[in-house]
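>>> need a structure here:
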Amino acid sequence: MLEDKKISFIGGGNMAQALISGLLGKGVPPKHITVVDPNLDKREYLQNKGLNTATPEECIAQAIEGADVVVLAVKPQVMKSVVAEFASALNNQLVISVAAGLSTQSLSQMLGGYTQIVRAMPNTPAMIQMGATGLYATDDISSEQKQLATEVMAASGLVLWVEDEAHMHAVTAVSGSAPAYIFYFIESMIEGGVELGLSRKQASALAMQTVLGAAQMSITSEDTPEKLRRNVTSPNGTTQAAIESMQSDEVGALIQKAMQACYTRSQQISDEMN
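Presented below is the predicted three-dimensional model:
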């Protein structure tokens, strides 16, 4: 379905480049992708990959008119001024926004009442096509457009749809911001390993591979993460000692508290911008 679609990106930053890498890997011809960005270095980098590029002043409306999909990948703070340049050129294109916090209602108002919008919350592992993205569609999105949005975002990883836009705050807490939680946990494991006598290089290698392996086991196993944890926790063994220490310090409750803080801040940012 993607191979014959023309996709225009408004903004060529890290997330746009991550999505583009995934699309190219899925067989989308580079000539079918256009990126509008004011930064010369980014445009030259993308041109070297065979993509079409333009500055906002050159042909942003033309890039929109010829597209099947328009991906809004600019900062929320500048979205209103950017979309004003091409809102009148929209006519049945699927619009996907990866701008955090901006509701579909606010985006629709910025786009002059246009409603064929899908809101996406990807995360940074999309840069290596291992991302997790939450999606929400307005009522005006057809089943065909929903499938198209799925394919565009699935090019960089897992895709999950939510029926209530308010649940995008939960998506932010569980996946959007969550890579930072994992990086923080890895940091702590490395520091713990160094304190126990390993070199930083040794501790880093062991911690990173362990997190990667545990995540892959969770994905591929028929058992729940709780069951997998119990399987490796022998009675009176070393793992039990570590788990009991975490439980006594209520580490699980602290993680959930942190996620609630992320959720609340996501709501606040959304309220401020919308």
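>>> can you give me the helices in the stretch 1-150 of the chain?
14-25, 40-47, 56-65, 79-83, 104-110, 143-154 (DSSP state H, counting those that start in this stretch).
>>> Mean neighbour count, these: which tops it?
Ranked by mean neighbour count, those are led by helix 14-25 with a mean of 21 (mean count of other CB atoms under 10 Å). Every C-beta, even on glycine, is put in place using the N, C-alpha and C of the backbone.
>>> what about that helix, average pLDDT?
For helix 14-25, the mean pLDDT works out to 91.
>>> Now it - C-alpha only, PDB.
Listed next in PDB are the C-alpha coordinates belonging to helix 14-25 (Å, rounded to 0.1, in the frame of the first residue of the first chain):
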ATOM      1  CA  ASN A  14      15.200  13.400  14.200                       C
ATOM      2  CA  MET A  15      11.800  11.900  14.400                       C
ATOM      3  CA  ALA A  16      11.000  12.700  10.800                       C
ATOM      4  CA  GLN A  17      14.300  11.100   9.800                       C
ATOM      5  CA  ALA A  18      13.500   8.000  11.900                       C
ATOM      6  CA  LEU A  19      10.200   7.600  10.200                       C
ATOM      7  CA  ILE A  20      11.700   8.200   6.800                       C
ATOM      8  CA  SER A  21      14.400   5.500   7.400                       C
ATOM      9  CA  GLY A  22      11.600   3.100   8.200                       C
ATOM     10  CA  LEU A  23       9.600   4.000   5.100                       C
ATOM     11  CA  LEU A  24      12.600   3.600   2.900                       C
ATOM     12  CA  GLY A  25      13.300   0.200   4.500                       C
END
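>>> packing partners for the lowest-mean-pLDDT helix or strand in the chain?
The least trusted helix or strand in the chain, going by mean pLDDT, DSSP states H and E, turns out to be helix 56-65, with a mean of 79. If you count contacts as 3 or more CB pairs under 8 Å, 6 or more residues apart in numbering; DSSP states H and E, helix 56-65 packs onto strand 7-10, strand 33-36, strand 52-54.
>>> out of the ones you listed, which comes closest to residue 133?
Minimum separation from residue 133 across the helices and strands packed on helix 56-65 (CB to CB) falls at strand 7-10, 15.5 Å.
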